[in-house]
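In: Using only what follows, build the 3D model:
(3 chains)
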Amino acid sequence: MGRQPCCDKIGLKRGPWTIEEDHKLMNFILNNGIQCWRLVPKLAGLMRCGKSCRLRWINYLRPDLKRGALTEAEEDMIIKLHSQLGNRWSKIAGHFPGRTDNEIKNHWNTRIKKKLKFLGIDPLTHKPIEEINNDEIKQQVSEEINEKVMPEKTLEYTQEQQNSTSSSSINESNLEMFQNSHTLDMYYPGVEDPFQNWIASPIHNWDLFDYLQDNFL
DNA sequence: AAAAGTCACAACCGCCGGCTA
DNA sequence: TTAGCCGGCGGTTGTGACTTT
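Out: Below you'll find the predicted structure:
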């Protein structure tokens, strides 16, 4: 017969992790390391399944995680790697020490896909959308991006679009517009430094690790 | 001021290949 | 040999924060 199941799922806690659970998991792993995820929750005193503990550690608690928004250079690298590897997020994440596959996947789905569509590039094939020859969809995408991602540019772009006669000039103007406005402020308007805000939040305070070492280790 | 809509991301689900009892 | 677990992966969903109406 095979091994024992990793968890029976009965009576196990689900949903967002509490600070107390994070403390327990961190404390256990930093003291004992990881031998078997199935045993981690039991030994750490957590009502979670091993899989959930593994995910929490890898995506959130690992001390070597790189925090903060992905840079433009990182985004460009992700796009390049995605064109070669497709949706192999773990392979892509392997090129970014301290970044997780989940983080890169989320960033792709929420930001980069929109960025590529805005530039007239199909995020699946990495080919120009005009090659797909569907101007109607392209029009919808441009409108959607202007409204949702760059609302301050909507009027300006609409006027440009009306003046434009060639479909390729839409992409060129998009590219220029994007290059001129692609700053952190575009995504986090009014926030001086979202990374610093994130660090300063009580849940994400990395003084926690010093605290843990001082008080638990 | 409150309801509705939107967004970002943490967490879960289910599948797969490799491993093991 | 093989049934079934483990760890890893990618897709999807849930939820809290924020924005718009």
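In: Where do the helices of chain A begin and end?
Out: Counting by DSSP state H, chain A has helices at residues A:19-32, A:40-44, A:50-56, A:72-85, A:89-93, A:101-107, A:113-118, A:129-132, A:135-148, A:154-163, A:168-181, A:184-187, A:194-200, A:207-215.
In: Find the residue ranges of chain A scoring beneath the pLDDT cut-off.
Out: A:1-10, A:131-217 (pLDDT under 70).
In: Apply 50 and report the result again.
Out: Chain A contains residues with pLDDT under 50 at A:1-8, A:147-170, A:177-217.
In: What residue spans form the domains of it?
Out: A:1-67+A:195-217, A:72-187 (automatic domain parsing).
In: Tell me how many other residues surround the closest residue in space to A:Ala44 that isn't next to it in sequence.
Out: Once flanking residues are discounted, A:Ala44 sits nearest to A:Phe28: 3.6 Å by CB to CB, 6 or more residues apart in numbering. In short, each C-beta sits where N, CA and C put it, glycine included. When neighbours are defined as other CB atoms under 10 Å, A:Phe28 has 21 of them.
In: ok, now which ones touch A:Phe28?
Out: By CB atoms under 8 Å, 6 or more residues apart in numbering, A:Phe28 lies in contact with A:Val40, A:Leu43, A:Ala44.
In: Give the burial count for the first one, as a bare number.
Out: Residues within reach of A:Val40, counting by other CB under 10 Å, total 24.
In: Hmm, A:Asn31 and it touching each other?
Out: No. When contacts are counted by CB atoms under 8 Å, A:Val40 is not listed as touching A:Asn31 (11.6 Å).
In: For A:Ile34, see how far away the residue nearest to A:Ala44 is.
Out: Applying CB to CB, to the nearest Å, the value for A:Phe28 to A:Ile34 is 9 Å.
In: Mutual contacts of those two, please.
Out: Each of A:Val40 lies in contact with both A:Phe28 and A:Ile34 under the rule CB under 8 Å, 6+ apart.
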